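S.K.: Here is the input, now give the coordinates:
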Amino acid sequence: MLRISLFVSTFLLTLAACLWATVALSRGPIERDLTSRSVGALEGLEGYREDFCLIEFEGRDGLIRGEVKSPELKRAVEERLRDLNGPRVIESELIVRPYDAPWIMVERASEGGIRVAGLLSDEGERRQLSSELKEAIAAGTGVDLQVEVRDRVEPAEWMPRLLGVAGELMPVAEGGVLELRDGRLSLGGEMPDPDAERAFVGRANEQFAGAGIDLEFALTIAPPPQPAHFRMSPPHGGEITVSGRLADLKAAEELLAVLRSGGDWIVNDEIVVAEDTTAAPWVEGLTYLLPSLLIEAREAAVSLEGGRLQLDGQLESAEMLEAISEVTQQNFPTGDYVVENRMQVVEPPQEAMVSVITYPDGRIELKGLLPEPAQKERVIRAVEEIVGGGLLSDQLLVEANVMEAPWMDSLVGLLPRYVKQVKRGGLTIYAEILAVEAVIESDSDRDLIWALTEQFFPDDHYRRILELRFPEEVAGSVDAEDEFPNNN
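M.R.: Sure, this is the predicted structure:
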């Protein structure tokens with residue numbers, strides 16, 4: 001009996017397993033078919049993300065669960081599945097969870113690159129943003145991309161429009177920045193001029209027309225650039241001061257290199273280099289003109305701004321003035337520049353000089369060249385103290401272009417005693433040379449004249465040439481005018 005019971009039990013279990021397998025095998029193709037048809041019914045539904053949802057069937061009964069971004073999309077999904085032929089019923093456990101909105105901020109960094117921050121939905125959008133920004137803004141411009149890519153973010157459908165606007169704003173706007181967030185595009189930066197601002201605003205509005213995005217402009221206008229200019233002051237105390245304003249450092253360095261190579265003076269650099277400066281097309285021409293001025297002119301000065309050039313200084317000859325004028329014309333041609341050449345031809349100053357000629361009959365002649373009338377009067381008074389005005393012949397000249405006479409006090413101190421002692425002879429003082437030729441009567445005369453000249457014109461400051469002879473050694477009278485020309 002027990003053996004019969006075991007046999008019946010085994011038979012019933014085997015039969016149940018076969019029936020379950022038959023049902024299972026018949027159910028699998030049906031469920032796969034209904035799942036496929038359900039997925040297909042939702043294809044193309046705007047905003048639906050298959051990867052965020054799951055559809056399962058048990059027999060003809062289905063269940064969809066997952067996340068959608070809006071109540072409207074949830075209703076649309078459920079309606080499509082409800083209208084699908086085949087399933088008996090499809091239950092919905094969809095949860096509404098809105099996706100994050102994408103945003104982008106692009107700004108022009110102070111060091112010249114571009115910084116980009118934001119949030120996008122996939123790597124494809126991120127790569128597009130990076131590559132097209134680099135191409136649109138400027139080849140070789142560094143782009144610091146700090147854009148996050150995350151699931152459940154809306155696609156940035158406005159990306160092509162944004163790239164077009166960024167490509168126009170970034171290259172021209174100082175401190176340019178744009179940010180598109182929550183349906184609003186903010187645009188800021190300093191535009192070079194009003195025309196550039198108007199043109200950009202028009203193109204930005206056109207670019208986003210019909211996109212459902214509000215544009216907010218916070219643009220400013222750059223102040224007009226300051227004019228480039230250059231000034232060189234006359235040398236003073238071994239120094240040359242140059243000032244001005246230029247747009248780039250290279251131009252300033254070129255001018256300073258020319259100045260520093262032209263002499264032993266110190267160059268005080270007061271040139272300002274700033275980008276908001278007009279162009280200086282005259283820099284190259286100035287590098288050709290400056291060496292000639294520094295070498296040939298005294299008290300040379302230059303002023304150059306815009307198309308006006310002013311030159312000052314002193315030259316030694318008309319030929320040199322003509323040569324400087326020719327160099328100026330070559331580099332600053334008429335029509336392009338207005339040249340005011342105020343350089344003057346001034347002969348080199350002459351050395352001051354005084355000659356005193358004494359004759360045996362008591363006459364005295366004064367010859368020479370002095371810079372001031374007062375100095376002439378001092379010489380005359382010093383001689384008149386001894387001989388009186390009747391025996392004095394004054395041929396001293398006073399001219400403006402004569403160097404100072406640092407020996408004047410010494411000469412005035414020497415003359416009364418010299419004239420009283422020397423009755424036949426000549427004395428000339430010129431630069432740092434004192435020349436005396438005299439007829440003496442004794443060795444004591446020689447010693448006295450030597451001592452006098454040494455007292456007032458010592459050897460450590462002057463070169464003394466003394467030719468003192470006795471009467472028998474002199475052939476004819478002494479003519480100081482022949483011995484010591486007075487440069488008249």
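
S.K.: use CA for all of it now, contacts and neighbours both
M.R.: Noted.

S.K.: any idea how this protein splits into domains?
M.R.: 28-96, 103-221, 229-345, 353-483 (automatic domain parsing).

S.K.: Export those to CSV and append columns for mean pLDDT.
M.R.: Converted to CSV, the domains of the chain look like this (pLDDT from 0 to 100):
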stretch, mean pLDDT
domain 28-96, 91
domain 103-221, 89
domain 229-345, 91
domain 353-483, 89
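
S.K.: could I get the ones you listed as TSV with mean neighbour count?
M.R.: Formatted as TSV, the domains of the chain follow (neighbours: other CA atoms under 10 Å):
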stretch	mean neighbour count
domain 28-96	16
domain 103-221	17
domain 229-345	17
domain 353-483	17
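
S.K.: per-residue pLDDT, C18?
M.R.: Here the pLDDT value assigned to C18 is 47.

S.K.: Can you give the contact residues for stretch 99-112?
M.R.: With contacts defined as CA atoms under 8 Å, 6 or more residues apart in numbering, stretch 99-112 is touched by 69, 114-121, 141-142, 147, 152-156, 166, 170, 174-182.

S.K.: let's see 7 Å
M.R.: 69, 114-120, 152-156, 170, 175-182 (CA atoms under 7 Å, 6 or more residues apart in numbering).

S.K.: so how far is that stretch off the chain centroid?
M.R.: When C-alpha coordinates are averaged (CA atoms, centre = their mean, to the nearest Å), stretch 99-112 and its chain have centres 30 Å apart.

S.K.: Endpoints of that stretch, how far apart?
M.R.: In stretch 99-112, first residue to last residue: 35 Å (CA to CA, to the nearest Å).

S.K.: Would you state the strands of the stretch 301-450 of the chain in chain order?
M.R.: 308-315, 338-341, 344-345, 353-358, 364-370, 392-398, 425-430, 433-439 (DSSP state E, counting those that start in this stretch).

S.K.: Adding distance to G40, write these out as JSON lines.
M.R.: Conversion of those to JSON lines gives the following (distance: least, CA to CA, whole Å):
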{"stretch": "strand 308-315", "distance to G40": "80"}
{"stretch": "strand 338-341", "distance to G40": "82"}
{"stretch": "strand 344-345", "distance to G40": "98"}
{"stretch": "strand 353-358", "distance to G40": "119"}
{"stretch": "strand 364-370", "distance to G40": "117"}
{"stretch": "strand 392-398", "distance to G40": "117"}
{"stretch": "strand 425-430", "distance to G40": "118"}
{"stretch": "strand 433-439", "distance to G40": "119"}
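
S.K.: can you tell which of the ones you listed is closest to R446?
M.R.: Minimum separation from R446 across the strands of the stretch 301-450 of the chain (CA to CA) falls at strand 433-439, 9.1 Å.

S.K.: List the strands paired with that closest one, with their directions.
M.R.: Strand 433-439 has these partner strands in its sheet, going by DSSP bridges: strand 425-430 (antiparallel), strand 463-469 (parallel).

S.K.: quick one: that strand to strand 353-358, angle?
M.R.: Here strand 433-439 points in a direction 10 degrees away from that of strand 353-358 (axes from the mean of the first three to the mean of the last three CA atoms, to 10 degrees).

S.K.: Next, the residues that contact strand 433-439 from outside, please.
M.R.: Here strand 433-439 has contacts from 422, 424-429, 462-471, using CA under 7 Å, 6+ apart.

S.K.: Return the distance of D83 relative to E239.
M.R.: From D83 across to E239, the span is 96 Å (CA to CA).

S.K.: which stretches of the stretch 151-300 of the chain form helices?
M.R.: 159-172, 194-207, 249-260, 283-296 (DSSP state H, counting those that start in this stretch).

S.K.: Oops, could you answer that again for the stretch 351-488 of the chain instead?
M.R.: For the stretch 351-488 of the chain, the helices defined by DSSP H, counting those that start in this stretch cover 373-387, 408-421, 443-456, 480-483.
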